[in-house]
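1. A predicted structure for the sequence below; I have some questions about it.
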Amino acid sequence: MASKATNHEAYELPDYYELLQISPYAGSETIHRIYRYLASRYHPDNPETGNAEMFQQVKTAYDILSDPDSRAQYDAARDGATMPPATPLSSTIDFMDDIEGEMNRRLALLAVLYTRRRTNPRYPEVSLMEIEACMGFPRDYLDFTTWYLTKKGYVTRADNSDFTLTVAGVDYIETHRARFPILNRLLTSGQVRVSVYPMERRISARDRRKNEPDLREVKIERRKSRRDRRVNPTDIRSAKSGLHALD
């Protein structure tokens with residue numbers, strides 16, 4: 001019984017990073033900036049968007065994440081917690097209708113890619129497997145959707161089938177979000193949940209918070225340097241001949 005209670009508590013652990021819509025590796029300046037924006041938006045004195053409950057939740061998240069000690073304790077608890085699986089978007093959005101369903105698929109996919117792009121600009125790619133899991137929709141039915149968005153220039157697709165939102169895609173979303181209630185809801189309700197940093201791309205949280213170099217990028221640069229040093233032996237002989245000529 002005790003172990004079940006522990007698991008239940010783990011499920012109840014709030015995700016303050018998701019609440020503030022920031023990366024788990026966000027620095028203190030980012031946390032403070034986002035908090036000021038959300039606090040002003042949800043403050044009870046705001047006649048248009050005031051929400052006392054959301055304001056209190058945002059303040060609690062900021063109080064914990066802005067203090068290094070409390071943030072470290074929270075991160076440790078969060079890393080050990082088993083978070084509940086996200087509800088597929090298909091449970092609340094009609095993806096099956098011929099015309100409206102296709103439009104909804106496009107908007108949902110754009111929302112997924114926009115969320116990744118905004119929360120993780122360093123690694124904005126989303127794999128086809130992640131898209132399928134988030135949308136709750138078989139990939140076979142996404143071929144037309146991804147083809148259309150790619151041809152429009154809103155999305156790019158890598159050779160490994162990872163998708164990335166382009167600048168044109170960002171502009172489209174931010175320009176038309178008020179026109180499409182579904183898109184606006186997906187971007188503001190927190191319903192879209194994609195992993196901020198895929199496991200294979202994670203690096204030390206401490207390194208990110210210190211703004212230290214990405215270890216993967218350092219390795220890439222080192223490989224490039226080694227390649228640069230591999231010059232043509234003929235060039236070396238020519239250079240030596242030139243030096244002898246000067247003598």
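-> Nice, thanks for sending it over. Numbers count the residues shown, from 1 in each chain.
2. and the strands in this protein?
-> 155-157, 163-165 (DSSP state E).
3. buried stuff in the first one?
-> Residues of strand 155-157 classed as buried by neighbour count (16 or more other C-beta atoms under 10 Å): 155, 156. From N, CA and C alone the C-beta is placed, and that goes for glycine too.
4. quick one: closest of the strands of the chain to residue 41.
-> Between residue 41 and the strands of the chain, the shortest gap by C-beta to C-beta is with strand 163-165, which sits at 23.9 Å.
5. report the mean confidence score over the closest one.
-> In this model, strand 163-165 has an average pLDDT of 94.
6. what does stretch 88-99 give?
-> 80.
7. what residues does it touch?
-> If you take C-beta atoms under 8 Å, 6 or more residues apart in numbering as the criterion, stretch 88-99 is touched by 100-101, 104-105, 108, 133-137, 141, 182, 186, 191-192.
8. of the residues you listed, the lowest pLDDT goes to which?
-> Lowest pLDDT among the contacts of stretch 88-99: residue 191, with 71.
9. how about that one, what does it touch?
-> Counted by C-beta under 8 Å, 6+ apart, residue 191 has contacts 87, 89, 92, 185.
10. biggest separation within the contacts of stretch 88-99, which pair?
-> Between any two of those (C-beta to C-beta), the greatest distance is 22.9 Å, for 100 and 133.
11. same for the longest helix seen in the chain, what does it pack against?
-> Using DSSP state H to define each element, the chain has its longest helix at helix 100-119. For helix 100-119, the elements it packs on are helix 128-135, helix 143-152, strand 155-157, strand 163-165, helix 167-176, helix 181-188, judged by 3 or more C-beta pairs under 8 Å, 6 or more residues apart in numbering; DSSP states H and E.
12. let's see 7 Å
-> With contacts taken as 3 or more C-beta pairs under 7 Å, 6 or more residues apart in numbering; DSSP states H and E, helix 100-119 sits against helix 128-135, helix 143-152, strand 163-165, helix 167-176, helix 181-188.
13. still on that earlier bit, closest to residue 55 out of the strands of the chain?
-> Nearest to residue 55, of the strands of the chain and by C-beta to C-beta, is strand 163-165 at 30.2 Å.
14. can you point out the buried residues in that closest one?
-> Buried, per 16+ other C-beta under 10 Å, within strand 163-165: 163, 164, 165.
15. got those residues as CSV, with distance to residue 36 columns?
-> Output for the buried residues of strand 163-165, formatted as CSV (distance: C-beta to C-beta, whole Å):
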residue, distance to residue 36
163, 32
164, 30
165, 26
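16. and those, which is closest to residue 119?
-> Among the buried residues of strand 163-165, residue 165 lies closest to residue 119 (C-beta to C-beta), at 11.8 Å.
17. on that earlier part again, quick one: which of the contacts of residue 191 has the most company?
-> Within the contacts of residue 191, residue 89 tops the neighbour count with 24 neighbours, counted by other C-beta atoms under 10 Å.
18. for residue 55, see how far away that one is.
-> Distance, residue 89 to residue 55, by C-beta to C-beta, to the nearest Å: 27 Å.
19. one more: residue 20?
-> Distance of residue 20 to residue 55, given as C-beta to C-beta: 13 Å.
20. now do residue 136
-> Between residue 136 and residue 55 the computed distance is 32 Å (C-beta to C-beta).
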